[in-house]
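**Q** below is the structure, and that's it, no one-letter string:
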């Protein structure tokens, strides 16, 4: 993709687009038009998102290019940033928020090995050792996971305490 496209897209998006985090976790970048062609041009040049007929606008025909994929928004937002003139701060805030959301998601995911270790050892070794063996997770996250797995026993004292 050349600078000409990104210059055009940045100007188009600053006038006709939106980006945001909604309801705390839903993310979207989009642009709307009565004519579909400019939106198809965005899709053809980026390979990101999709163009849909927006039925929320009542009787008016309105086309919308959008993506709700966090990795795609990060990618396209980073590509747009150098070309934005008026909405750079808005894009930076949304990209930083999405980055934090992605980092939190990675930290909250449990691997099969971690779950197996927790199930096998929750009542056999002290909580401090379990926490040491699962460094990606906090005491509270382990305690909460233990409860959701309905594991009983062990010397867990609650959210933040050790025995």
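**A** Good, I have the coordinates. On a predicted model such as this, the values are computed, not experimentally measured, just so you know.
**Q** residues touching residue 119, list them.
**A** Applying CB atoms under 8 Å, 6 or more residues apart in numbering to residue 119 gives the contacts 149, 151. To be clear about C-beta, it is placed using only N, CA and C from the backbone, and glycine gets the same treatment.
**Q** let the chain start at 38 from now.
**A** Noted, 38 is the first residue going forward, which turns the last one into residue 156.
**Q** list the buried residues of the single longest helix found in the chain.
**A** Ranked by residue count, the top helix of the chain under DSSP state H comes out as helix 125-145. By neighbour count on 16 or more other CB atoms under 10 Å, the buried set for helix 125-145 is 128, 131-132, 135.
**Q** do the same with stretch 109-124
**A** Those would be 109-111, 113-114, 116-117, 120-121, 124, for stretch 109-124 by 16+ other CB under 10 Å.
**Q** coming back round to it: okay, who's weakest in the buried residues of helix 125-145 by pLDDT?
**A** Across the buried residues of helix 125-145, the bottom pLDDT score, 89, is held by residue 135.
**Q** quick one on the thing from earlier: same list, the buried residues of helix 125-145, but as TSV with distance to residue 47 please.
**A** Below are the buried residues of helix 125-145 laid out as TSV (distance: CB to CB, whole Å):
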residue	distance to residue 47
128	10
131	15
132	15
135	19
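**Q** just the pLDDT for the spatially most central residue of the chain.
**A** Against the mean C-alpha coordinate of the chain, by CA atoms, centre = their mean, the closest residue is residue 107 at 4.2 Å. Per-residue pLDDT puts residue 107 at 92.
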